[in-house]
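Undergrad: Test case, fold it:
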Amino acid sequence: MRFGEWVFTISGSGLPPVEVDPVSVYCQLQANASIIIPFRNPTDENVLVDVMLAESKIDLPDVDQRLKNQFDFKGPFCLLLKHSRNVLLKPKTILDIPISFAPDSMETKSCICAVSIRREDEEPWEDAGVSGSPGLTKQIRWVFPVKGVPQATIGEEKPLVIECEARSRVEERVEVVLTGVIGTASAGSKKKSRADKPESSRSGSQPASPHTPDGVLLSESPDITAALKNQTIQL
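TA: Okay, the predicted model is just below:
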């Protein structure tokens, strides 16, 4: 015995891609490093891919316009694709997008990599669902944020040796060069002076002066970095 039949109508519509989490690339000063962003064609159609680098999303063309062919992007980033427009990509296949980063200062840089696809036959996408009416979207765009982080290069130097007699005190003055802040090519340190204070020469056991700090802790803030550009820190 049959009690009846229920019919459920199910429909779905595609939404525009959302911005993904940033990818980071690390590189030493005056050098270059690269990363690869794998882009996969999620459709069942042959598509033509355009790729573009820009400083921010406001520098991109409108969504209904094609991405520009910009290989002269100003900044430490560079798109290493041989062709950045009309790259044929088959369904479910992956296009590797290499991006290089060559920093010249100790500043974190960022850019975006925009990828847009359109059908090989130049027909609109059916049932796009973006504007509520099918067949009005000719291309789909993805945005991949990229962050470049420079790293200081520490040269090979002899370690600082501090010698002291037993039951004595030694004070050393060391000059430290901050790479990228002062503009030098490598970081280093140099021993400037030395003062030995044997315990036998002291008049008594006197504590260190409260006005003489043992060290200075610097944070990575823009104000401190700007103040150190033309200075040498004495430790």
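
Undergrad: For Phe101, give me the pLDDT.
TA: pLDDT recorded at Phe101 is 95.

Undergrad: so where's the longest strand in this protein?
TA: Using DSSP state E, we find that the single longest strand of the chain is strand 139-151.

Undergrad: quick one: the strands in the chain?
TA: Secondary structure of the chain (DSSP E): strands located at 23-28, 33-40, 47-54, 77-79, 87-89, 94-101, 109-119, 139-151, 168-177, 188-198, 233-234.

Undergrad: Where does the prediction get shaky in this protein?
TA: For the chain, the stretches flagged by pLDDT under 70 are 1, 70-73, 126-136, 154-157, 177-235.

Undergrad: Pick the most deeply packed of the strands of the chain.
TA: Stretch with highest mean neighbour count among the strands of the chain: strand 47-54 (a mean of 22; mean count of other Cβ atoms under 10 Å). Placement of C-beta: from N, CA and C, glycine included.

Undergrad: which residues touch that strand?
TA: Residues outside strand 47-54 that contact it (Cβ atoms under 8 Å, 6 or more residues apart in numbering) are 39, 41, 60, 66-70, 73, 77-79, 81, 84-89, 95, 97, 99, 111-120.

Undergrad: And Pro145, how close does it get to Lys68?
TA: Distance, Pro145 to Lys68, using Cβ to Cβ, to the nearest Å: 18 Å.

Undergrad: what sits against the closest residue to Pro98 other than its chain neighbours?
TA: Sequence neighbours aside, Leu80 is the residue nearest to Pro98 in space, at 4.0 Å (criterion: Cβ to Cβ, 6 or more residues apart in numbering). By Cβ under 8 Å, 6+ apart, the contact list for Leu80 reads Ser34, Pro98, Ile99, Ser100.

Undergrad: Test my guess that the last one contacts Ile36.
TA: Going back to what we said before, that points to Ser100. No: here Ser100 lies out of contact with Ile36, judged by Cβ atoms under 8 Å, at a distance of 10.5 Å.

Undergrad: Quick check: Pro159 vs Trp6, distance?
TA: According to Cβ to Cβ, Pro159 stands 80 Å off from Trp6.

Undergrad: Kindly report the same for Gln151.
TA: Separation of Gln151 from Trp6 (Cβ to Cβ): 63 Å.

Undergrad: Then Pro17?
TA: For Pro17, the distance to Trp6 - Cβ to Cβ - is 35 Å.

Undergrad: Comparing these two, which residue is more hemmed in?
TA: More neighbours surround Pro17 than the other of Pro17 and Trp6, with 12 against 5 (other Cβ atoms under 10 Å).

Undergrad: Please name the spatially closest residue to the more buried one (chain neighbours excluded).
TA: Per Cβ to Cβ, 6+ apart, closest to Pro17 is Trp142, 4.7 Å.

Undergrad: partners of the one you found in the sheet?
TA: Listed by DSSP bridges, the beta-bridge partners for Trp142 are Val115.

Undergrad: Wait, it touches Leu95, no?
TA: No: counting by Cβ under 8 Å, Trp142 stays clear of Leu95, with 11.3 Å between them.

Undergrad: Find the residues that touch each one of the two.
TA: With Cβ under 8 Å, 6+ apart as the test, Trp142 and Leu95 both reach Phe39.

Undergrad: Apart from its chain neighbours, what residue comes closest to Ser110?
TA: Lys147 (4.9 Å).

Undergrad: dump the residue contacts of the one you found.
TA: So Lys147 contacts Pro22, Val23, Ser24, Val25, Thr108, Lys109, Ser110 (Cβ under 8 Å, 6+ apart).
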